[in-house]
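S.K.: The amino acid sequence is not available; the structure is as follows:
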């Protein structure tokens, strides 16, 4: 990492409260989240967003981890690729299956409906102007609500934004 994140003067307790909540959830504060200590508002927003997806009623952990992994793969973001690969391994996805999905997202070990949504999110994060009404209708045909689709695309887009920040600050990039 290019810098050592420090909470702004007078905001230390605010930042520490969020970091403690993250520690309580995950056992530690990932380096990427620690970076946001520089901006208490952004840290709170990131944490609120993460909490929303942790308890999402329709988008499961495996689908969300594949979204983050494959968006990060395309952006060359080693921190998120590594973290999400570890999450997928933890939930029982074999390494060979993860590597196959990294080469070809259509190979992700997901039910058909989740695989379709994953592919739409990748299309939206790579070529958003190519997403069509037919794409959205296809998601409805797979049982997804418009809210589910928006939430999934939002998750992928937020991940892309985080990847840009992480790569800028060299989080998880050991060769720089």
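M.R.: Ah, there it is. Everything numeric here is computed off the predicted structure, so don't read it as measured data.
S.K.: switch to C-alpha atoms for all contacts and neighbour counts from now on
M.R.: Noted.
S.K.: Would you mind listing the outside residues contacting stretch 12-20?
M.R.: 7, 29, 34, 37, 40, 43, 44, 47 (Cα atoms under 8 Å, 6 or more residues apart in numbering).
S.K.: That one: which residues count as buried?
M.R.: 14, 15, 18, 19 (16 or more other Cα atoms under 10 Å).
S.K.: could you point out which element follows the helix or strand harbouring the first one?
M.R.: Read it as residue 14. Element membership of residue 14, judged by DSSP states H and E, is helix 12-26. Using DSSP H and E, the helix or strand that follows helix 12-26 in sequence is helix 31-35.
S.K.: For burial, what's the neighbour tally of the closest residue to residue 95 other than its chain neighbours?
M.R.: Once flanking residues are discounted, residue 95 sits nearest to residue 89: 6.7 Å by Cα to Cα, 6 or more residues apart in numbering. For residue 89, the count of nearby residues is 15 (other Cα atoms under 10 Å).
S.K.: gap between the residue nearest to the spatial centre of the chain and residue 57?
M.R.: Residue closest to the mean C-alpha point of the chain, counted by Cα atoms, centre = their mean, is residue 68 at 3.7 Å. Separation of residue 68 from residue 57 (Cα to Cα, to the nearest Å): 18 Å.
S.K.: One more: residue 133?
M.R.: Distance from residue 133 to residue 57, by Cα to Cα: 24 Å.
S.K.: the helices in the protein, which residues?
M.R.: When secondary structure is read from DSSP state H, the chain shows helices at 12-26, 31-35, 40-54, 61-75, 78-90, 95-103, 112-126, 133-141, 146-168.
S.K.: Do me a favour and average the pLDDT over the fifth one.
M.R.: Right, helix 78-90. Taken as a whole, helix 78-90 has an average pLDDT of 94.
S.K.: Between helix 146-168 and that helix, find me the angle.
M.R.: Calculated by axes from the mean of the first three to the mean of the last three Cα atoms, to 10 degrees, helix 78-90 forms an angle of 130 degrees with helix 146-168.
S.K.: tell me what helix 78-90 is packed against?
M.R.: Applying 3 or more Cα pairs under 8 Å, 6 or more residues apart in numbering; DSSP states H and E, one finds that helix 78-90 contacts helix 61-75, helix 95-103.
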